[in-house]
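[1] Return a 3D structure for these sequence lines:
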Amino acid sequence: MQETIIISLLRKYVKDQCSEQELRTLLQWLKSSDHHIGFDWVVQPLWDAIDKDMPRPDEEGENELRQEVSSLLSEIRQQKTSDSKVRSKNRLNGFYRVAAILILALSVTLGALKVLDRPQSVVTYVEKMSAKGETKSLLLADGTKVILNSDTKLIIPSNFNKEERIIELEGEGFFDVTPDPDKPFIIKSGETRVKVLGTSFDFKSYKEDEFIKLTVSTGKVRVNMIDQDLQLAVSPNEHLSINKIDGNVRKESIEENNYIKWIHGSLYFNKEPIREVLKTINRTYNRKVILQCKNCDYRITGTHDNKSIEAVIEAICFTTGLRSKREGGNIVLYEK
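    Now for the predicted structure:
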């Protein structure tokens, strides 16, 4: 039964028709002692299946294959039974050709199978995180500089910068990417993909936020929203905002990149829904601000340079007419 299977697999391999699983089966057979049994039962059927127009091995591998063929033929010649000698002698040319193709097939098979059988390199991941109320600076293996905003996680694979540069982001980060035309820098965040060659930009993509935001300082960035089949290009001094709920896209030109003021400890809001503003405040100050009102459709605009949370809340109350109070360690905003 096994002989039939091996013959069938060898035939298929000679014709380059083996599947990956079939190649693995051949590998197991070759590793076992069974493949040292006489070649008669393998060679003759294989010979019948040979394509006479098979391409020759490349020149680099021929010498090694000749040595292996010679070794195999020596074994065949040294068989002790006269019957075997007669068969070998009577089919000498056939044995040479079949043995050569067999060795070629098995050598190539082994070469391919060694790749398949080789323990797959395990990709591990390193998580770089910034806590609420802090920012963190990082230097990646390719020289790219990253600043993480509060409550952000950057996931870096162990094979980063070997064949590709792909990372994952949950939160916000400013990236100053080292140029490499052969390896684009790609950030994955949910269904969003950001692709650059060498540029500097701010990317904001918190899971709990309603919007994904991108602001480009230098170079050009491509954004792909997989779930919306959306592809966009963002140029220097442009700000992109994508609503994750309704898919609405807004791109605007900016004279000054206020969206990266957080790097220096400041807050900047430009007609932001108050609920989104409070999410940013909670992350930045590691505090909890609760909104208690029925029709909270306020939009907040303003810059707060290194102010305390109390000062920021006071400014929001002044703008919206809301009031604030403390409840335990929390701050509550409510209507009059």
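
[2] Show me the domain layout of this protein.
    Here the domain parsing of the chain from automatic domain parsing is 2-117, 125-259, 265-334.

[3] Next, Leu322: phi, psi?
    Backbone torsions of Leu322, given as degrees, to the nearest 10, read phi -70, psi 160.

[4] Find the nearest non-adjacent residue to Arg299, please.
    The shortest distance from Arg299 to any non-neighbouring residue, by Cβ to Cβ, 6 or more residues apart in numbering, is to Lys271 (4.7 Å). The C-beta positions use only the backbone N, C-alpha and C, and glycine is treated the same way.

[5] between the domains of the chain, which has the poorest average model confidence?
    Mean pLDDT is lowest for domain 2-117 among the domains of the chain, at a mean of 51.

[6] what does whichever helix or strand Lys128 is part of contact?
    Taking DSSP states H and E as the criterion, Lys128 maps to strand 125-130. Identification of contacts with strand 125-130 by Cβ atoms under 8 Å, 6 or more residues apart in numbering yields 136, 138, 148-158, 171.

[7] if we go to 6 Å?
    Lys136, Leu138, Leu148, Ser150, Thr152, Lys153, Leu154, Ile155, Ile156, Pro157 (Cβ atoms under 6 Å, 6 or more residues apart in numbering).

[8] Quick one, which of those residues are buried?
    With neighbours counted by 16 or more other Cβ atoms under 10 Å, those contain buried members at Lys136, Leu148, Ser150, Thr152, Leu154, Ile155, Ile156, Pro157.

[9] is it true that the second one touches Gly173?
    Same thing as Leu148. Yes: applying Cβ atoms under 6 Å as the test, Leu148 and Gly173 come out as touching, 5.0 Å apart.

[10] Tell me the one among the buried ones among the contacts of strand 125-130 nearest to Val122.
    Pro157 (10.7 Å; Cβ to Cβ).

[11] what pairs with that closest one across the strands?
    Tyr125 (DSSP bridges).

[12] how about the helices in this protein?
    Per DSSP state H, the chain carries helices over the ranges 2-14, 20-31, 40-49, 59-77, 82-90, 92-117, 274-285, 309-320.

[13] Longest strand of this structure, counting residues only.
    If you go by DSSP state E, the chain has its longest strand at strand 165-176.

[14] contact partners of that one?
    Contacts for strand 165-176 (Cβ under 6 Å, 6+ apart): 142, 145-149, 151-156, 183, 185-189, 200-202, 204, 206, 260, 263.

[15] so what strands line up beside that strand?
    strand 145-148 (antiparallel), strand 152-157 (antiparallel), strand 185-189 (parallel), strand 200-205 (antiparallel).

[16] Dump those into a markdown table; add distance to Ile281 as well.
    As requested, those are exported to a markdown table (distance: least, Cβ to Cβ, whole Å):
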| stretch | distance to Ile281 |
| --- | --- |
| strand 145-148 | 18 |
| strand 152-157 | 16 |
| strand 185-189 | 22 |
| strand 200-205 | 15 |
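
[17] Any idea which of the ones you listed gets closest to Gly247?
    It's strand 200-205; of the strands paired with strand 165-176, that one is closest to Gly247 (Cβ to Cβ) at 15.0 Å.

[18] before we move on, back to that, give me the buried subset of the contacts of strand 165-176.
    Buried among the contacts of strand 165-176 (16+ other Cβ under 10 Å): 146-149, 151-152, 154-156, 183, 185-189, 200-202, 204, 206, 260.
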